[in-house]
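Student: with the sequence up front, the predicted model follows.
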Amino acid sequence: MWGIDGEGRRVLVIERSFVMYFYLVLKSQEDPKTVLGRIHQQASEMPFLGQIELTVKRFFGREVQAIKVSCLDPDFVPQCAKALSGIEGVEKCLEDDFRYSMRYLIDSGVTPCSWHRADVEEADRDVKAQVDDVYIAKTVPARMEEKGAPPPFRTISFFPVYHASRGAPKPETDPVVIISTITNTGETRRFKASNLDDRSLMESFVEYVRGFDPDVIVGFETNRRHLQFLTARARKLGLKLSIDRVNAEPHQSVYGHVSITGRAGMDMLDMADELQEVKVKTIENVAAFLGVKRLDEQVMIDETDFASYWDDLEKRTQLLRYAAEKTECLLGIFESMFPYASQLSRLVGLPLDQIGRVAVGFRIEWYLIREAFRIGEIVPERVERPYIPYAGGMVLAPKPGVHENIAVLDFKSMYPNIMIEKNVSPDTYIPPSVSKLPTEVNIAPVVGHKFLKEPAGFYKRVLSDLIAFRDQIRARMKELDQQSSEYRLLDARQQAVKVITNAAYGYAGWIGARWFEKPVAEATAAWGREMIINAIQAAEELGLNVVYGDTDSIFVEREPERIETLSSMIKRELGLEIRPDKVYERILFTEAKKRYCGLLPNGNLEIVGLEVVRGDWANVARTTQERILELILKEQSPGKALEFVQQFIVQLRQRKVPYRDLIIWKTLTKPVAEYEVNAPHVAAARKLENEGWALTVGDKVGYIITQGSGKLYERAKPYMLTSYEEVDAEYYVANQVVPAALRILSMFGVREADVTASAPSKKPGTLAEFF
DNA sequence: GCCTGGTCTCTACCC
DNA sequence: ACGGGTAGAGACCAGGCG
């Protein structure tokens, strides 16, 4: 275990006593002692086996007889498990697929990003590691709950620039010409190649990192790209990228993250996955969103131009400055996201350098695995299942038009609370074949699934604990100064708890989940639909007009007294809390579900689902629609909105809008070769591949529609391979700006011809006039 | 061969 | 590689028509 002690010394603590194990669950009708005898017999011929003992555990809530088999060499667990699982009387083999390090963390209770106390002794001198002290643990490290603040880390962020004359840089042929770094102690460095010779750059970069001895190495796209590239490039030069604490190289590890032994490699691109609002994940966009730094468009350089900037000595300075800006942004992004990342790591129990990379489903699963261990439940195996869809939440058709003074009532944590209230869990599920008294079970509406009322199921226990934990954190926060570091830490902690709580329902319906039981998710959703239907009915009986609703919310006229009555009725009769979440002074619905725009009391617009918030529309369409919504909802003037669009279209046709506002971004959701139809972004991706760029799933393709004939996809070109002269302005008028504008303006009787005409015949007036 | 309407593919959103 | 519900654009294709 790599850590920092109370005096700020970097330490390596070695645990030598922990022994790996797995379980053999016995068939219920077998005599456990007989099976144990058979296992002993078989085991005597096998190496590496340690203790073999009979034990009582729980599996899906039922008591089971199990044999715990210890295995002295962790690498032989799969082999031992396979050999013993075929023995007569053994039902199945479980928990044989854990990594040694995770098994240790779970069993010991050692948690990443937390303080622990351990009794230690000095280790032998033969351990080569770049730390102040190496110890052997004499006791299992015990978590210290009371000590919260993290130790002062040394952090470095870096950004590399490669030189490729064509397409994606390749370590075999293309040098790294710049590595820019900055540390949290304020040191900046720019390692430069000598023209195209990067040997001394590589050497001095490695030397510098080792000298600074960071605890955290921050980068962007490091897991998927830069660490592999730099490692391979160093090798090509006959060097070693030994930036870790054991004089080895960064290496590929679990969940596709790259491990730097003894340090935490943090890829801020992985962390940025959490930021749904950032549509195109670049360092600049993430930094701007987090309020870290706003880079001027003028200083930004596309990667396609890196080589030419390097080759031109005058432009090289700009490139160097730009690389330095990137590392500054990165350090700021890290500082902004670290509290959340570390609290998530601590809550889930996965190491800090893995937490950003690991999929949401697995985060929850590791949390559940820790909880299962705590209560003596054996963890189910991963099984492949067919995908069978089921019905989810209910969405109401909105009442189109503009409404004034609308309150949004939300069910508080609807799905988690249903799962608690109805004890919905894989271990409380009663299949149709099993008969129970109606008083013993909760029966889900419509779908009819049954769940035992008692005892409390696994999900109920876990979710109740999480909700109680969050309430407790928030109670402590109330006593603190909002600027204090403790407050910020607790805020990040409650955020992590919330995320895990809210994702439990999705996890329960995921066929890849170890604790999957389709009726669990299906019943939860069915109860959810019942709740909202009842809420709507109750609201209407109270004379509250319901204008919209989605899954766990209803939008009603704001009448505080009746809302108060409604909320206490729902609390009493449904057992769930519904509360006024927010108020819109004015809100606009079209006929579409999941798309609306509301004006908040603070004067801000909240835009939901519309083109403005979608990443796959050109900025010209998004910003135009946003302005229209402002003019309509704030100034209540569809007339001004129409005038604005007309003028904007004139500008667009005269090519007076920035080129970047014409780029359409779309994500590749599969390998380019696997697409069945010729979508524009796929055609643009093919062009990039022809230019030597390697594209993978998840990459964003930015394209421009150019003039010419034929299908649209034949006119889509990557934006960096296109010039403004080629742009088909009419496409952007007809297929971007006009549809986005009319989505709103058609509600006020505006038609396409009104928008595109430069001299309009008639204008709509005010909202009041219109209605 | 051209036009039309319906269906399918694809993406990104909401909660 | 967490769930289902939904909107919307554009490709694709069969069928009608001249």
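Tutor: Perfect, I can see it now.
Student: the closest residue to DNA strand C within the stretch 501-650 of chain A sits in which helix or strand?
Tutor: Closest residue of the stretch 501-650 of chain A to DNA strand C, CB to the nearest atom of the strand: residue A:506 (2.0 Å). C-beta coordinates here come from the backbone N, C-alpha and C atoms, glycine included. Per DSSP states H and E, residue A:506 falls inside helix A:485-508.
Student: list the buried residues for the helix or strand containing residue A:753?
Tutor: Secondary structure from DSSP H and E places residue A:753 in helix A:752-756. Judged by neighbour count using 16 or more other CB atoms under 10 Å, the buried positions of helix A:752-756 are A:754-756.
Student: equivalent analysis for stretch A:39-51, please.
Tutor: Buried, per 16+ other CB under 10 Å, within stretch A:39-51: A:39, A:42-43, A:48-49.
Student: which of those residues fall in strands?
Tutor: residue A:49 (DSSP state E).
Student: so can I have a markdown table of the buried residues of stretch A:39-51 showing distance to DNA strand B and pLDDT?
Tutor: Output for the buried residues of stretch A:39-51, formatted as a markdown table (distance: CB to the nearest atom of the strand, whole Å; pLDDT from 0 to 100):
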| residue | distance to DNA strand B | pLDDT |
| --- | --- | --- |
| A:39 | 48 | 91 |
| A:42 | 50 | 89 |
| A:43 | 50 | 86 |
| A:48 | 47 | 85 |
| A:49 | 48 | 89 |
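Student: could you identify the most distant pair in the buried residues of stretch A:39-51?
Tutor: Farthest-apart pair in the buried residues of stretch A:39-51 is A:39 and A:48; separation 14.6 Å (CB to CB).
Student: that older thread, which one of the buried residues of helix A:752-756 sits closest to DNA strand C?
Tutor: Among the buried residues of helix A:752-756, residue A:755 lies closest to DNA strand C (CB to the nearest atom of the strand), at 13.6 Å.
Student: thought that closest one was touching residue A:741?
Tutor: Yes: judged on CB atoms under 8 Å, residue A:755 makes contact with residue A:741 at a distance of 5.8 Å.
Student: could you dump the helix or strand containing residue A:548 to PDB, C-alpha only?
Tutor: Per DSSP H and E, residue A:548 falls inside strand A:546-549. Presented in PDB, the C-alpha positions along strand A:546-549 are these (Å, rounded to 0.1, in the frame of the first residue of the first chain):
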ATOM      1  CA  VAL A 546     -51.300  19.300 -14.300                       C
ATOM      2  CA  VAL A 547     -49.500  20.600 -17.400                       C
ATOM      3  CA  TYR A 548     -46.700  18.000 -17.600                       C
ATOM      4  CA  GLY A 549     -44.900  15.200 -15.800                       C
END
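Student: hmm, that strand in reach of DNA strand C?
Tutor: No: against DNA strand C, strand A:546-549 shows no contacts by CB under 7 Å from any atom of the strand, the least distance being 10.8 Å.
Student: pairing partners for that strand, with directions?
Tutor: Strand A:546-549 sits in its sheet next to strand A:553-557 (antiparallel), going by DSSP bridges.
Student: can you give me the end-to-end distance of stretch A:510-528?
Tutor: 18 Å (CA to CA, to the nearest Å).
Student: and that stretch, does that touch DNA strand C?
Tutor: Yes: counting by CB under 7 Å from any atom of the strand, DNA strand C has neighbours in stretch A:510-528: A:510-512, A:521, A:525.
Student: one step back: which strands or helices does the helix holding residue A:753 pack on?
Tutor: Counting contacts by 3 or more CB pairs under 8 Å, 6 or more residues apart in numbering; DSSP states H and E, helix A:752-756 is packed against helix A:638-653, helix A:738-745.
Student: now the longest helix anywhere in chain A: buried residues?
Tutor: Of all the segments assigned as helix in chain A under DSSP state H, the longest by residue count is helix A:313-348. Buried residues in helix A:313-348, counted by 16+ other CB under 10 Å: A:319-320, A:322-334, A:336-348.
Student: check stretch A:475-490 too.
Tutor: Judged by neighbour count using 16+ other CB under 10 Å, the buried positions of stretch A:475-490 are A:477, A:487, A:489-490.
Student: and the residues you listed, which two are furthest apart?
Tutor: Counting by CB to CB, the most remote pair of those is A:477 and A:489, 9.7 Å apart.
Student: so residue A:119 touches residue A:137, yeah?
Tutor: Yes: under the criterion of CB under 8 Å, residue A:119 makes contact with residue A:137 at 7.4 Å.
Student: more crowded one of those two?
Tutor: residue A:137 (21 against 12; other CB atoms under 10 Å).
Student: give me the neighbour count for the residue of the stretch 651-771 of chain A found nearest DNA strand C.
Tutor: Distances between the stretch 651-771 of chain A and DNA strand C by CB to the nearest atom of the strand are smallest at residue A:712, namely 3.3 Å. Using other CB under 10 Å, residue A:712 is surrounded by 14 other residues.
Student: what's near enough to touch it?
Tutor: A:680, A:705, A:731 (CB atoms under 8 Å, 6 or more residues apart in numbering).
Student: thinking again about what came up before, kindly reformat the buried residues of helix A:752-756 as JSON lines containing distance to DNA strand C and pLDDT.
Tutor: What follows is the buried residues of helix A:752-756, written out as JSON lines (distance: CB to the nearest atom of the strand, whole Å; pLDDT from 0 to 100):
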{"residue": "A:754", "distance to DNA strand C": "17", "pLDDT": "88"}
{"residue": "A:755", "distance to DNA strand C": "14", "pLDDT": "88"}
{"residue": "A:756", "distance to DNA strand C": "15", "pLDDT": "82"}
